[in-house]
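>>> Got a predicted structure here, sequence first:
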Amino acid sequence: MEVRARAPGKIILVGEHAVVHGSAAVAAAIDLYTTSSLSLLHEGQSQTPAHPLDWIRFFDSFVTAATALTAATSFYYAGEDGGAGAVELDLRDSALVFSWPCSSLRRALGEVSGKAGAPTPCSPDELAAIAKLMEGQEIPEAKIWLSAGLSAFLYLYTSILGCRPGKVVVTSDLPIGAGLGSSAAFCVSMSGALLTAAGTVGVGGGSGVEEWELFGKDDLELVNQWAFQGEKIIHGKPSGIDNSVSTFGSMIKFKKGELTNLKSRNPVKMLITDTRVGRNTKALVAGVSERASRHPDAMASVFHAVNSISEELSSIVELAAEDEIAITSKEDKLAELMEMNQGLLQCMGVSHSSIETVLQTTLKYSLVSKLTGAGGGGCVLTLIPTLSANIVLEKVATELESHGFRCFKVEVGGRGLQVCRG
Ligand SMILES: Nc1ncnc2c1ncn2[C@@H]1O[C@H](COP(=O)(O)OP(=O)(O)OP(=O)(O)O)[C@@H](O)[C@H]1O
Ligand SMILES: C[C@@](O)(CCO)CC(=O)[O-]
Ligand SMILES: [Mg+2]
């Protein structure tokens, strides 16, 4: 049985960081996805490549990448394990394969049997056991940041399916660690695939034809709860906004765990600029919390101001959906609110010289930008007004790319988690 689940990345229009401290924020799904494809294996089933092309890929990676050593070791382990098999994670875009023999998982985590209902948070003991299981993996130094994603994977896999053998292949359109919610899309697609394979969600679904299915609200709620636990392993203290918008899609207002769906008739258009400056959400979120504990009153005022901006922006989106304000007036207001939010993100200490370069460049063309996600580098949003000429867009993108940045346009407010069974 193969289950594929895909979950979108997101943009945060306003409210990042402040949302961790209880303010409202507004986010929307984008049309870039992470896909997790899960195949369950029977105990004793061989994990060596079945298809001749897979053997070619296997040997190719063996000679070209040191990481293939890990893959090779995993096949050896699968044999040593008395044929009991392994749990394998193939990160296709990074050309890295990780594998854990089921016997090692059982030794480290005990006889976990898998869980059908709501998640139990990963305990400190479990986290320590997972950290030990990571020691055997050869993660290239330049990609050491992957270890957080691998830990979230091991937690989700073993908690939902127990220590039974299986293989998950992950591919993604999203830049990783750049503010577009790659960690949430990873956790949502993984939880969606695992819970579907466990028969916990999507029961009765599946038309027998290979097509993308949407889940009902209760199933999505459950996937979202599991994905949030995965996000906690990667982020430390997530607000839950990223996994919620990745699971449910659309445009949402999010405050203290409460989600409001925002109807949006004329979705906003955004240019995204990836500064290609690497950053880490966990560290940036911790940095803002430290600033808040050094200056509690000042930061409370900053978070309060962000809350007002998010509330105002969400009511403008809703009024525009009901045709109560014209699209151009809506865009002027959104641009001003985004500009104000960017100033407050600078107060929080999460901007970066590369982000400032994007802001100054787009301002030359009278376009407003703000960072999106955790900041510190990563991606910047530029609002594209309906009436802006294509030639202006081309010029601004060319100038941004001359700085070494990468620009792309996204569709905003699309679908959340989708699943396909093969
Ligand atoms: N496709 C993937 N494969 C493996 N790990 C992934 C993948 N996508 C994300 N991750 C994990 O998530 C981490 C990036 O998460 P992080 O929260 O720092 O950035 P982000 O989610 O892209 O941005 P933001 O949280 O600001 O929206 C990576 O370092 C990795 O551990
Ligand atoms: C920085 C942050 O507000 C958004 C990251 O996309 C963190 C969070 O809400 O979990
Ligand atoms: Mg993230």
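Here it is on my side, so go on. Ligands and ions are numbered 1, 2, ... in the order given.
>>> Please, where are all the helices along the chain?
For the chain, the helices defined by DSSP state H occupy 52-64, 68-80, 102-109, 124-135, 146-161, 182-197, 217-235, 241-248, 281-294, 296-321, 327-348, 353-363, 390-402.
>>> worst average pLDDT in these?
Of all the helices of the chain, helix 68-80 carries the lowest average pLDDT, namely a mean of 36.
>>> returning to that earlier point: I'd like the helices of the chain as JSON lines, with distance to residue 271 appended.
Any C-beta I mention is one placed from the backbone N, CA and C, and that applies to glycine too. Compiled in JSON lines, those are given as follows (distance: least, CB to CB, whole Å):
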{"stretch": "helix 52-64", "distance to residue 271": "36"}
{"stretch": "helix 68-80", "distance to residue 271": "38"}
{"stretch": "helix 102-109", "distance to residue 271": "44"}
{"stretch": "helix 124-135", "distance to residue 271": "38"}
{"stretch": "helix 146-161", "distance to residue 271": "28"}
{"stretch": "helix 182-197", "distance to residue 271": "19"}
{"stretch": "helix 217-235", "distance to residue 271": "26"}
{"stretch": "helix 241-248", "distance to residue 271": "20"}
{"stretch": "helix 281-294", "distance to residue 271": "22"}
{"stretch": "helix 296-321", "distance to residue 271": "18"}
{"stretch": "helix 327-348", "distance to residue 271": "13"}
{"stretch": "helix 353-363", "distance to residue 271": "8"}
{"stretch": "helix 390-402", "distance to residue 271": "7"}
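>>> Point out the one among the ones you listed that comes closest to residue 382.
Nearest to residue 382 among these is helix 353-363; the distance by CB to CB comes to 4.9 Å.
>>> Could you save the helices of the chain as TSV and add columns showing distance to ligand 3 and mean neighbour count?
Shown next, in TSV, are the helices of the chain (distance: least, CB to the ion, whole Å; neighbours: other CB atoms under 10 Å):
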stretch	distance to ligand 3	mean neighbour count
helix 52-64	28	12
helix 68-80	25	18
helix 102-109	25	18
helix 124-135	18	14
helix 146-161	10	23
helix 182-197	3	30
helix 217-235	6	22
helix 241-248	6	29
helix 281-294	4	17
helix 296-321	19	18
helix 327-348	16	18
helix 353-363	17	18
helix 390-402	23	14
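>>> right, so of the ones you listed, which gets closest to residue 373?
Of the helices of the chain, nearest to residue 373 by CB to CB is helix 281-294, at 7.1 Å.
>>> Which other helices and strands does the closest one contact?
helix 217-235, helix 296-321 (3 or more CB pairs under 8 Å, 6 or more residues apart in numbering; DSSP states H and E).
>>> That one and ligand 1 in contact?
Yes - contact between helix 281-294 and ligand 1, assessed by CB under 6 Å from any ligand atom, occurs at residue 281.
>>> okay, that helix in CSV with CA atoms only?
Extracted in CSV, the C-alpha atoms of helix 281-294 (Å, rounded to 0.1, in the frame of the first residue of the first chain):
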residue,chain,number,x,y,z
THR,A,281,13.1,29.6,13.3
LYS,A,282,13.8,28.0,16.7
ALA,A,283,16.7,30.4,17.4
LEU,A,284,14.8,33.5,16.2
VAL,A,285,11.7,32.7,18.3
ALA,A,286,13.9,32.2,21.3
GLY,A,287,15.7,35.5,20.6
VAL,A,288,12.4,37.4,20.6
SER,A,289,11.3,35.8,23.9
GLU,A,290,14.6,36.8,25.4
ARG,A,291,14.1,40.4,24.3
ALA,A,292,10.6,40.3,25.7
SER,A,293,11.9,39.1,29.1
ARG,A,294,14.5,42.0,29.1
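>>> Find out how far it is from the centre of the chain, if you would.
Computed by CA atoms, centre = their mean, to the nearest Å, the chain-centroid distance of helix 281-294 equals 20 Å.
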